[in-house]
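Colleague: Give me a 3D structure for the following:
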Amino acid sequence: MTTSTSAQFKRVATAGFAFLEVPVTARYSAVGEVGLTLSNAGAEALFTNPALLAFSNGKHFFSISFGNYLAQTRQQALGYGISLGDAGIFGLSIYRLDEGTMTHTENADPNNPGAGYRILGTFNADDIAIGLTYVRKLTDHFSFGGTVKFVQERIAQFRATNELLDFGMIYFTGFRSLRIAGEVQNFGVDARFKGNITPDSSITGDNFRMPVAFRIGAAMEVIGNYDSPSRLTLAFEGLHPSDYTERLNIGAEYWYENKVALRAGYKFNYDEEGLTSGMGINGSMFSVPGELDVSYTAYGRLGYVLRVSLLLSF
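Modeller: As a prediction, this is how the structure comes out:
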């Protein structure tokens, strides 16, 4: 008989391109990763649910995000979207996780494991995802969007590449501001690492699966409405990843007079993650058509992560 614990263990670390599961933007991470249904998401939607772009205010959408992630790694993300009226909305997104420079070593004596090691130099590792997005608003209550992504993981001279698909939708039910949304992320075929050990000798690794995830969520304003200057939004999101058991995220966001936002969330069934928080400042107070967001995510024994995002819409 297989217990739930052993079944969960068998699914852990069974997919590659794990950097695609790490939240990118500050607002999204601050509310516990309940980003499928956030109001006026702008270019941030390119990294959460592209369908949200259809319900964002503006014609041009721009976002830039930075974060110091775990183990001295760094995140950078850039997004741009443009609305072409009845033709839909098009977007471009770039996300990079810089894993830094590491020391390259080998055994000093292959026949004697206790002989220590010698330093051969250094090597770099990084991950990147480049996405092209299309979004269409079919009615005043429903929109959908899809993203085709080129992804790459690089470790020294070894690389793995693939093409993946995200597809999301959002529907406003008509009951107050209640909306529901769903998304399939990182759908694609298996990939493998390839590289050269020497100029005339290459190696190919084993196939690995993609970090496919199915997400469904809902949100509603319990104070105010979807576009009220002051509003309190409550949201939840269920996640079914291919490399772990089901997870549940909850989050809240309070905007005061469209000037300052306070955010918090909690993530259930994660190894180290749990509490999230953050805030946002609307640039309209300074005659700037944008928003500055910061977030704090606690990773238990691993420490914490701070992210900063700048969003512009005009």
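Colleague: From now on I want contacts and neighbour counts done on CA atoms only, so please keep to that.
Modeller: OK.
Colleague: Next one: A45 relative to Y117, how far apart?
Modeller: 47 Å (CA to CA, to the nearest Å).
Colleague: Could you identify the helix or strand that succeeds the helix or strand bottoming out on mean pLDDT in the chain?
Modeller: Ranked by mean pLDDT, DSSP states H and E, the helix or strand of the chain with the weakest confidence is helix 4-11, at a mean of 47. Using DSSP states H and E, the helix or strand that follows helix 4-11 towards the C-terminus is helix 26-30.
Colleague: Would you indicate which residues of that next one are buried?
Modeller: If you call a residue buried by 16 or more other CA atoms under 10 Å, then helix 26-30 has these buried ones: A26, R27, Y28, S29, A30.
Colleague: Need the mean per-residue confidence for it.
Modeller: Mean pLDDT, helix 26-30: 97.
Colleague: Number the residues from 512 up from this point.
Modeller: From this message on, residue numbering opens at 512, which makes the last subject helix 537-541.
Colleague: who touches that helix?
Modeller: Residues outside helix 537-541 that contact it (CA atoms under 8 Å, 6 or more residues apart in numbering): 534, 545-546, 559, 576, 774-776, 787-791, 804-808, 818-820.
Colleague: CA atoms only for it, dumped as PDB, please.
Modeller: Output in PDB follows, covering the C-alpha atoms of helix 537-541 (Å, rounded to 0.1, in the frame of the first residue of the first chain):
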ATOM      1  CA  ALA A 537       6.200  41.900  -5.900                       C
ATOM      2  CA  ARG A 538       2.400  42.300  -5.900                       C
ATOM      3  CA  TYR A 539       1.900  38.600  -6.800                       C
ATOM      4  CA  SER A 540       4.200  37.300  -4.200                       C
ATOM      5  CA  ALA A 541       2.900  39.700  -1.500                       C
END
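Colleague: And for the closest residue to A598 other than its chain neighbours, the neighbour number?
Modeller: Of all residues not flanking A598 in the chain, R647 sits nearest, at 7.8 Å (CA to CA, 6 or more residues apart in numbering). Residues lying near R647 (other CA atoms under 10 Å) number 23.
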